[in-house]
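Novice: Below is the sequence, then the predicted model.
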Amino acid sequence: TQLLEQSPQFLSIQEGENLTVYCNSSSVFSSLQWYRQEPGEGPVLLVTVVTGGEVKKLKRLTFQFGDARKDSSLHITAAQPGDTGLYLCAGSWDKIIFGKGTRLHILP
Amino acid sequence: DSGVTQTPKHLITATGQRVTLRCSPRSGDLSVYWYQQSLDQGLQFLIQYYNGEERAKGNILERFSAQQFPDLHSELNLSSLELGDSALYFCASRGTSREKLFFGSGTQLSVL
């Protein structure tokens, strides 16, 4: 069974702080995606990483794919209340499987 | 707006009943995915269709079935409903990119 473990499950921090959330698996991914979901809406794709060791930046968000393509991290610099949401990682094999997500709350 | 349309947005029904959830993918997308989201299980893959044919199956119960029609819209049928089936059901479509999914806004199913 291919599983994606995300940590932490919940994170509540003050505006302006930095944070990192993680996505891990015992399986090798062909690619990994990060999505963000807000209440009442479906997940929206933030980024796709494909190559081991790849780093992608999206404004204050930095995504890293592990060298062995089994893990990934999302780092947010100077978090803002608008970053609040559920962050999901998804791995592509024959299906697209999601982790349970990190629920992030940024306090103003 | 993702371009994926799901109806209805909310559905309240009783145990033992049967419901049908509908999804219209983005224009031109051939793949449709169905997911179930609950607080404890997260986003669980149910089933995928490509151009009318079942392509992959996940943790879909035998009481559940789906199909994709020639016009590419899809329906998820849930029967003999149980309290535990209460969840958000999402449909997503995929275009030419192998990985990128576009999600609808979901159907919130409440089984009372």
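Specialist: Nice, thanks for sending it over.

Novice: SS state for B:Gly3?
Specialist: coil (DSSP: H, G, I helix; E, B strand; the rest coil).

Novice: got the phi/psi numbers for the closest residue to it other than its chain neighbours?
Specialist: Counting by Cβ to Cβ, 6 or more residues apart in numbering or on different chains, B:Arg26 is the residue found nearest to B:Gly3 once chain neighbours are left out, at 3.7 Å. All C-beta atoms are positioned from the backbone trio N, CA, C, and that covers glycine. Backbone torsions for B:Arg26, taken as degrees, to the nearest 10, come to phi -60, psi 150.

Novice: I'd say B:Arg26 and B:Ser2 touch.
Specialist: Yes - look at B:Arg26 against B:Ser2 with Cβ atoms under 8 Å: they come within range, at 7.1 Å.

Novice: Are there residues contacting both of these two? Which ones?
Specialist: B:Phe102 (Cβ atoms under 8 Å, 6 or more residues apart in numbering or on different chains).

Novice: before we move on, back to that, need the contact list for the residue nearest to B:Gly3.
Specialist: B:Ser2, B:Gly3, B:Val4, B:Ser93, B:Gly95, B:Phe102.

Novice: contacting residues for the closest residue to chain B within chain A?
Specialist: Relative to chain B, the nearest point of chain A is A:Gly42 (2.8 Å; Cβ to the nearest Cβ). The neighbours of A:Gly42, taking Cβ under 8 Å, 6+ apart as the test, are B:Ser2, B:Val4, B:Phe90, B:Ala92, B:Phe103, B:Gly104, B:Ser105, B:Gly106.

Novice: make it 10 Å
Specialist: A:Gly42 sits next to A:35, B:2, B:4, B:6, B:35, B:37, B:43, B:88, B:90-92, B:101-106 when contact means Cβ atoms under 10 Å, 6 or more residues apart in numbering or on different chains.

Novice: go on, B:Asn77?
Specialist: Applying Cβ under 10 Å, 6+ apart, the residues near B:Asn77 are B:Arg18, B:Val19, B:Thr20, B:Leu21, B:Arg63, B:Phe64, B:Ser65, B:Ala66, B:Gln67.
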